[in-house]
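>>> Attaching a predicted model along with its sequence, questions to come.
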Amino acid sequence: MQPVVSVIIPTYNSSATIIRAIESVFNQAFKSFEIIVIDDGSTDDTRSVLQPLVEKGSIVYRHQENAGCGVARNRGVRMSQGKYLAFLDADDYWHAEKLERQVKVFEADSRCVVCYTDPYLVDLHSNLIWETMRTELGTPRSGNLLWILPFHNMITLSSSMVPRWAFEKAGGFTEDYKLMMVADYDLWLKLAPLGNFQAIEMPLSFYQYRLAGSREKILENYRITIAVLWNRTKAASVPLKGLYFAGWLSYFMRYQVRRIL
């Protein structure tokens, strides 16, 4: 039978964590899914770690030359069959109720273009660091987020689910290698004019916390975000250009403050 949900997992040298991610999909209460793993040029033992699952037909696995997570996710989507697309990074994992709860949200709201959940932050060994509501604006937001997203990204990619029709209409993930660090944010900005976002405030995803990077890496993240918002400003219709430009200006000022400090 055709799966309802396609789970897309890009991986790059994540052999230490990818089985944990895949097992969290196998453990879902909702069982109508397929798992597609796109190996983006790993040089570790990812292929051999996954081989038993490939031989059993539990997952679909493809290896490609390193091209970035956006390219890998788009390839996985093209290979998939599901009505809904769930994105899971190889070092993150899910609560057993995640897919079931999100499918119910989409079946109840045909205008929903993204359903996301609150994440737990964990370390490499699945020890809880803290539970977070990833927003500076109070509780996770639902509804039309067009007026919020240009100023703040509150969505963790591994918590998200997107209907195929919306993903395709938005044009998928950017494949510009220079923008890979914020490819998810670029997608949310493209999806925002198409419909509603729905937040499930119960944490249903586990995000592996990465230690804070160097000052230069933090500044690079700001520079890439600024580039994404400038692209959106140029591509937007006239009524939205001002909104995206305001978001660009907001991030540009934050970047300048960080750079000075």
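Received, thanks.
>>> quick one, what contacts residue 130?
By C-beta atoms under 8 Å, 6 or more residues apart in numbering, residue 130 lies in contact with 120, 121. (Each C-beta comes from the backbone N, C-alpha and C, glycine too.)
>>> Got the confidence number for residue 212?
Note for residue 212: predicted pLDDT of 55.
>>> And residue 203, by the same measure?
pLDDT for residue 203: 90.
>>> All the helices of the stretch 1-150 of the chain, residue numbers only.
18-26, 46-55, 69-79, 98-108 (DSSP state H, counting those that start in this stretch).
>>> Please identify the deepest-packed of these.
For the helices of the stretch 1-150 of the chain, the largest average neighbour count (mean count of other C-beta atoms under 10 Å) is found in helix 69-79, namely a mean of 21.
>>> and the longest strand seen in the chain, C-alpha only, in PDB?
When the chain is parsed with DSSP state E, its longest strand is strand 196-208. C-alpha atoms of strand 196-208 as PDB (Å, rounded to 0.1, in the frame of the first residue of the first chain):
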ATOM      1  CA  ASN A 196      -1.400  28.100   8.100                       C
ATOM      2  CA  PHE A 197       1.200  26.700  10.400                       C
ATOM      3  CA  GLN A 198       0.100  24.500  13.300                       C
ATOM      4  CA  ALA A 199       2.200  24.000  16.500                       C
ATOM      5  CA  ILE A 200       1.800  21.000  18.800                       C
ATOM      6  CA  GLU A 201       3.100  22.400  22.100                       C
ATOM      7  CA  MET A 202       3.800  18.900  23.500                       C
ATOM      8  CA  PRO A 203       7.500  18.100  22.800                       C
ATOM      9  CA  LEU A 204       7.500  15.200  20.200                       C
ATOM     10  CA  SER A 205      11.000  15.600  18.800                       C
ATOM     11  CA  PHE A 206      14.400  15.300  20.300                       C
ATOM     12  CA  TYR A 207      17.000  17.700  19.000                       C
ATOM     13  CA  GLN A 208      20.700  16.800  19.600                       C
END
